[in-house]
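> Need the 3D shape of this:
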Amino acid sequence: MEIILIQDVNKLGQKDDIVNVKNGYGRNFLIPLGFAIAASSSAKKMHTENLRQRAHKEEKIKIAAQAIAGKLADVKIIVGAKTSTSGKIFGSVNTIQIAEALKEKGFDIDRKNITLPEDQIKEVGNYKAFIKLHRDVRVEVDFEIKGE
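From the prediction side, this is the model:
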């Protein structure tokens, strides 16, 4: 079944992508929850027209995201966490703490756009976070975890 995504779907595609999925997944999950619409010929024509109209605006947004990415590449974040004497963190560091540290530096980034490479960070040290600013613009930010 061919569908047009209305919003980003994790591990499937980005908004406005036309993808093939199994019939049950499309009919029973994606379309009823408003994640996608069926890709009929008329829906495809409307989709191409909308994409053409949106292309110019999208280019401006991409340029702005690249400018922010250039500024973010130089930023070093320090996150404080309660630790034991051996350097183990009580709990773990997550994307919420990274987003708050970025907000203190003057960058308003949604935590859903931040990805940490490890499942859970449980030790003091230096790590990298990946931030998705735009569909095509991703930046890597270094952060350090210090014990409090």
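
> CA only for contacts and neighbour counts going forward, please
Fine.

> which of the residues in stretch 44-60 are buried?
Using 16 or more other C-alpha atoms under 10 Å as the test for burial, stretch 44-60 gives His47.

> can you give me the strands in this structure?
2-5, 18-20, 36-38, 76-81, 88-93, 114-115, 121-123, 125-132, 138-147 (DSSP state E).

> Describe which strands the second one pairs with in its sheet and in which direction.
For strand 18-20, sheet partners with direction are given as strand 2-5 (antiparallel), following DSSP bridges.

> who's in contact with the strand it pairs with?
Contact partners of strand 2-5, identified using C-alpha atoms under 8 Å, 6 or more residues apart in numbering, comprise 13-21, 26, 35-39.

> do that again at 10 Å, thanks
For strand 2-5, the external contacting residues (C-alpha atoms under 10 Å, 6 or more residues apart in numbering) are 12-23, 26-27, 30-31, 34-40, 43-44, 47.

> can you tell me how far Ala65 sits from His56?
As for Ala65, its distance to His56 is 15 Å (criterion: C-alpha to C-alpha, to the nearest Å).

> Need the residue closest to the centroid of the chain.
Asn113 (2.9 Å; C-alpha atoms, centre = their mean).

> how close does that residue get to Leu72?
14 Å.

> what's the overlap in contacts for the two?
In contact with both Asn113 and Leu72: Ile131, using C-alpha under 10 Å, 6+ apart.

> Pull up the pairing partners for the helix or strand bottoming out on mean pLDDT in the chain, direction included.
Of all the helices and strands that make up the chain, strand 121-123 has the lowest average by mean pLDDT, DSSP states H and E, namely a mean of 81. Counting by DSSP bridges, the strands paired with strand 121-123 are strand 88-93 (antiparallel).

> Can you tell me which of the contacts of strand 2-5 end up in helices?
Members of these lying in helices (criterion: DSSP state H): 23, 43-44, 47.

> Pro117: which of the residues you listed is nearest?
Nearest to Pro117 among the ones in helices among the contacts of strand 2-5, counting by C-alpha to C-alpha, is Asn23 at 33.0 Å.
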